[in-house]
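Student: Please find the sequence and the predicted model below.
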Amino acid sequence: MPPAADREGYWGTPTSTLEWCEENYAVSYYIAEFWNTVSNLIFILPPIYGAIQTYKDGLEKRYLAAYLCLTAVGLGSWCFHMTLKYEMQLLDELPMIYSCCVFVYCLYECFKYKNTVNYALLFLLITYSVVVSIVYLDLKEPVFHQIMYGTLVSIIVLRSVYIVLWVYPWLRGLGYTSLTVFLMGFFLWNVDNIFCDKLRALREKLPPVVGAVTQFHAWWHILTGLGSYLHILLRAPLMSPQGDLDQGCAGMGEDQQKQDKYLDSTSVTQEEIM
């Protein structure tokens, strides 16, 4: 990663093991990486709204947990990019692992009756989270975290593809949109890392507002936040309050009406995605 810029800011010298391509304190004296910070609003505001709507519509609590986990990631990432302190970096990176474990549990338990608990899977995911946390705190190696996070994301993607291909093909539009948006963010994350020097040189020649468009790590936040939000919406029809095994998790009757009402309230319907 690029070295810290010469500018000094409110939070002092960075102590994080990572710094990104955005120049430190270039926009605000109080925010180390301005664009990388404010772009986390996509992780915070929509999931909060989704959590409130989920509670009102009486959907399963694990669905509510998925939204709250996404919000926690956004808050942690905000603190990290605002301060570039190691403690805040952990507040960003460790919730990424924990939230993915929640997503994995939800996806693999979506075909079960309400209020049932898969203790074996729960134990496995908790163990994974604890081991990753302990090892990462000891190694302080970002690549290790990225591999562990990537492993969970791969599991989520494979499970989601299975669901939209073989179980609920009518969800393909939303599923593919979520995956495409997320992969676009991952692509820009790599561009930001690989071509950082060229991007910084380009920004020096551009007006500040135009140069902000080249903050690809911020775009990574926006696109992955949107992709994750859409992915939670994808699971809305899979998390029936009744969980009728004969009907999958799509639910019937009143439960289906709750799910349809929820999707309508979030302004993302299957027809709009297609």
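Tutor: Structure's in. What do you need?

Student: only C-alpha atoms for contact and neighbour calcs from this point on.
Tutor: OK.

Student: buried stuff in stretch 151-160?
Tutor: Within stretch 151-160, the residues that count as buried by 16 or more other CA atoms under 10 Å are Leu152, Val153, Ile155, Ile156, Val157, Ser160.

Student: Among the residues you listed, which lie within helices?
Tutor: Of these, the ones assigned to helices by DSSP state H are Leu152, Val153, Ile155, Ile156, Val157, Ser160.

Student: so what's the fifth one closest to, chain neighbours aside?
Tutor: Right, the one you point to is Val157. Excluding the flanking residues, the one nearest Val157 by CA to CA, 6 or more residues apart in numbering is Leu179, at 7.6 Å.

Student: before we move on, what about the first one?
Tutor: Here the nearest residue to Leu152 in space, its sequence neighbours aside, is Cys100; by CA to CA, 6+ apart that works out to 6.2 Å.

Student: tell me, how many neighbours does that neighbour end up with?
Tutor: 23 (other CA atoms under 10 Å).

Student: Contact partners for it?
Tutor: Tyr149, Leu152, Val153, Ile156 (CA atoms under 8 Å, 6 or more residues apart in numbering).

Student: how close does it sit to Leu125?
Tutor: 10 Å (CA to CA, to the nearest Å).

Student: Please name the nearest non-neighbouring residue to His145.
Tutor: Once flanking residues are discounted, His145 sits nearest to Tyr136: 6.7 Å by CA to CA, 6+ apart.

Student: does the one you found really touch Phe144, like I thought?
Tutor: Yes - using CA atoms under 8 Å, Tyr136 and Phe144 qualify as a contacting pair, with a distance of 7.0 Å.

Student: So for the two, which sits in the more crowded spot?
Tutor: More crowded of Tyr136 and Phe144, by other CA under 10 Å: Tyr136, with 19 against 14.

Student: The helix or strand that one falls within packs against which elements?
Tutor: Under the criterion of DSSP states H and E, Tyr136 resides in helix 119-139. Packed against helix 119-139 by the contact rule (3 or more CA pairs under 8 Å, 6 or more residues apart in numbering; DSSP states H and E) you find helix 86-108, helix 142-162.

Student: Deepest-packed of the ones you listed, please.
Tutor: Burial of the helices and strands packed on helix 119-139 is given as mean neighbour count (mean count of other CA atoms under 10 Å); helix 86-108 ranks first at a mean of 21.

Student: Show me how far it is from its chain's centre.
Tutor: Here helix 86-108 shows a centroid-to-chain-centroid distance of 9 Å under the convention CA atoms, centre = their mean, to the nearest Å.

Student: Okay, angle between it and helix 142-162 too, please.
Tutor: 20 degrees (axes from the mean of the first three to the mean of the last three CA atoms, to 10 degrees).

Student: mean confidence score for helix 86-108?
Tutor: In this model, helix 86-108 carries a mean pLDDT of 95.

Student: Kindly format the C-alpha coordinates of it as PDB.
Tutor: What follows is helix 86-108, C-alpha atoms only, in PDB (Å, rounded to 0.1, in the frame of the first residue of the first chain):
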ATOM      1  CA  TYR A  86      -4.900   0.100  14.200                       C
ATOM      2  CA  GLU A  87      -7.700  -0.300  16.700                       C
ATOM      3  CA  MET A  88     -10.200   1.100  14.300                       C
ATOM      4  CA  GLN A  89      -8.800  -1.100  11.500                       C
ATOM      5  CA  LEU A  90      -9.800  -4.100  13.700                       C
ATOM      6  CA  LEU A  91     -13.200  -2.600  14.200                       C
ATOM      7  CA  ASP A  92     -13.500  -2.600  10.400                       C
ATOM      8  CA  GLU A  93     -11.900  -6.000   9.500                       C
ATOM      9  CA  LEU A  94     -13.100  -8.300  12.200                       C
ATOM     10  CA  PRO A  95     -16.800  -7.500  11.700                       C
ATOM     11  CA  MET A  96     -16.400  -8.300   8.000                       C
ATOM     12  CA  ILE A  97     -15.600 -11.900   9.100                       C
ATOM     13  CA  TYR A  98     -18.400 -12.000  11.600                       C
ATOM     14  CA  SER A  99     -21.000 -10.600   9.300                       C
ATOM     15  CA  CYS A 100     -20.100 -13.100   6.500                       C
ATOM     16  CA  CYS A 101     -20.500 -15.900   9.000                       C
ATOM     17  CA  VAL A 102     -24.000 -14.600   9.800                       C
ATOM     18  CA  PHE A 103     -24.800 -14.500   6.000                       C
ATOM     19  CA  VAL A 104     -23.500 -18.100   5.600                       C
ATOM     20  CA  TYR A 105     -25.700 -19.300   8.400                       C
ATOM     21  CA  CYS A 106     -28.700 -17.600   7.000                       C
ATOM     22  CA  LEU A 107     -28.200 -19.100   3.500                       C
ATOM     23  CA  TYR A 108     -27.700 -22.600   4.700                       C
END
